[in-house]
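Engineer: Here is my input, please return the structure:
(one chain, ligands or ions: 1)
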Amino acid sequence: MSDIKYVKLEREGKAVWGVLKEETVFTLEGGPYDGLHYDKKSLPLVNCRLLAPCDATKLVCIGKNYYDHIQEMRSVLDASGNPEKPTIFLKGPNTLNCHLGTIHAPDFVQRLDYEGELAIVIKKRAKDVKAVDAMDYILGVTCLNDVTARDVQKSDGQWARGKSMDGFAPMGPILTDEVDPSNANLRTRLNGEVVQQGNTRQFITSVGEMMEFITAAMTLEPGDVIATGTPAGVGSMQVGDTIEIEIDGVGTLKNMVV
Ligand code: MG
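Structural biologist: A predicted model of the protein is given here:
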């Protein structure tokens with residue numbers, strides 16, 4: 001942990017990474033994965049159009065990682081009461097969406113849900129990582145909304161279509177290594193009202209265990225994302241709604257449904 005706040009932003013039509021100090025962004029040459037190489041430019045945060053702070057080739061998501069969420073999903077997905085190993089699924093990079101971006105579902109979707117989650121962004125290539133070494137592979141954490149077409153998820157059996165529609169993974173606003181992913185307060189607000197509240201201490205599968213479980217099966221690349229699951233309180237969104245995911249120390253990811 002080195003106490004850095006990263007942002008990814010659009011500048012002159014190109015995606016660039018930067019480091020946030022106070023309210024100023026100092027931009028980098030290339031990504032933040034192999035040390036920080038500043039390009040000697042800066043701009044005020046308020047002038048930045050922020051992008052999802054990752055370079056994901058894939059988003060690996062943990063399903064059912066808080067006991068209270070398993071209880072509420074039991075009727076919907078017939079989830080096992082006490083899973084012996086995590087359920088993982090993928091969202092494609094087409095799902096990436098940014099802070100203040102709009103969420104839109106195709107007309108055939110009947111039920112569009114939010115799932116407030118803490119996301120981890122990977123720092124270096126990870127394969128067969130041991131739980132105890134997991135933190136060496138984590139660049140930082142941010143907020144993620146695991147947007148889900150719940151009716152499609154349920155009717156398809158496979159989760160790919162219901163979870164991986166375009167723009168179904170808003171992330172941001174910043175990525176920071178100042179927050180401990182194993183002890184972070186998270187809340188979700190729908191039109192200003194708190195609908196989810198949790199702390200990542202409630203994880204069934206710890207951050208270390210999930211890194212070990214995932215990388216035993218697949219290689220994670222720098223910039224890939226792990227979405228760590230959602231606490232109880234998931235619910236549906238309607239066109240016109242504002243949905244916010246807040247993590248203490250990260251800030252608030254805000255999106256509108258259109
Ligand atoms: Mg989820």
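
Engineer: Look up how far residue 64 lies from the residue in the stretch 101-250 of the chain positioned nearest to the ion.
Structural biologist: In the stretch 101-250 of the chain, the residue that lies nearest the ion is residue 146 (3.4 Å; C-beta to the ion). C-beta here means a position set from N, CA and C on the backbone, and glycine is covered the same way. Using C-beta to C-beta, to the nearest Å, we find residue 146 at a distance of 12 Å from residue 64.

Engineer: so where is the stretch 51-200 of the chain shaky, pLDDT-wise?
Structural biologist: 74-83 (pLDDT under 70).

Engineer: where along it do the strands fall?
Structural biologist: Under the criterion DSSP state E, counting those that start in this stretch, the stretch 51-200 of the chain contains strands at 59-63, 87-91, 96-98, 102-103, 112-114, 116-122, 138-145, 148-149, 169-176, 185-190, 193-199.

Engineer: Most tightly packed of those strands?
Structural biologist: Among these, strand 116-122 has the highest mean neighbour count (mean count of other C-beta atoms under 10 Å), at a mean of 28.

Engineer: where's that one relative to the chain centroid, distance-wise?
Structural biologist: 4 Å (C-alpha atoms, centre = their mean, to the nearest Å).

Engineer: same deal with stretch 101-120?
Structural biologist: The chain centroid and the centroid of stretch 101-120 are separated by 12 Å under C-alpha atoms, centre = their mean.

Engineer: Go ahead and flag the most central residue of this protein.
Structural biologist: residue 144 (3.0 Å; C-alpha atoms, centre = their mean).

Engineer: List, one by one, the residues from this structure near the ion.
Structural biologist: Near the ion, the residues belonging to the chain are 115, 146, 230 when assessed by C-beta under 5 Å from the ion.

Engineer: among those residues, who's most crowded?
Structural biologist: Neighbour counts for the residues of the chain next to the ion (other C-beta atoms under 10 Å) peak at residue 230, which has 31 neighbours.

Engineer: How about the contacts made by it?
Structural biologist: Shown in contact with residue 230 (C-beta atoms under 8 Å, 6 or more residues apart in numbering): 65, 66, 69, 115, 116, 117, 146, 196, 198.

Engineer: ok, now with 7 Å
Structural biologist: 66, 69, 115, 116, 117, 146, 196 (C-beta atoms under 7 Å, 6 or more residues apart in numbering).

Engineer: do residue 97 as well
Structural biologist: Taking C-beta under 7 Å, 6+ apart, one finds 52, 103, 167, 169, 170, 255 in contact with residue 97.

Engineer: let's see it at 6 Å
Structural biologist: 167, 169, 170 (C-beta atoms under 6 Å, 6 or more residues apart in numbering).

Engineer: need these in TSV with distance to residue 94, can you?
Structural biologist: Below are the contacts of residue 97 laid out as TSV (distance: C-beta to C-beta, whole Å):
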residue	distance to residue 94
167	8
169	9
170	13
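
Engineer: so which of those comes closest to residue 85?
Structural biologist: If you rank the contacts of residue 97 by distance to residue 85 using C-beta to C-beta, residue 169 comes first, at 23.5 Å.

Engineer: What is the burial count for the closest residue to the closest one other than its chain neighbours?
Structural biologist: In this structure, residue 169 finds its nearest non-sequential neighbour in residue 95, 3.8 Å apart by C-beta to C-beta, 6 or more residues apart in numbering. Residue 95 is flanked by 25 other residues according to other C-beta under 10 Å.

Engineer: between the strands of the stretch 51-200 of the chain, which gets nearest to residue 225?
Structural biologist: Proximity to residue 225 (C-beta to C-beta) singles out strand 59-63 among these, at 4.3 Å.

Engineer: Return that closest one as CSV; C-alpha atoms alone will do.
Structural biologist: Extracted C-alpha coordinates of strand 59-63, given in CSV (Å, rounded to 0.1, in the frame of the first residue of the first chain):
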residue,chain,number,x,y,z
LEU,A,59,-14.2,-8.9,-15.1
VAL,A,60,-14.3,-11.9,-12.8
CYS,A,61,-17.3,-11.7,-10.5
ILE,A,62,-18.0,-13.5,-7.3
GLY,A,63,-21.6,-14.5,-6.9
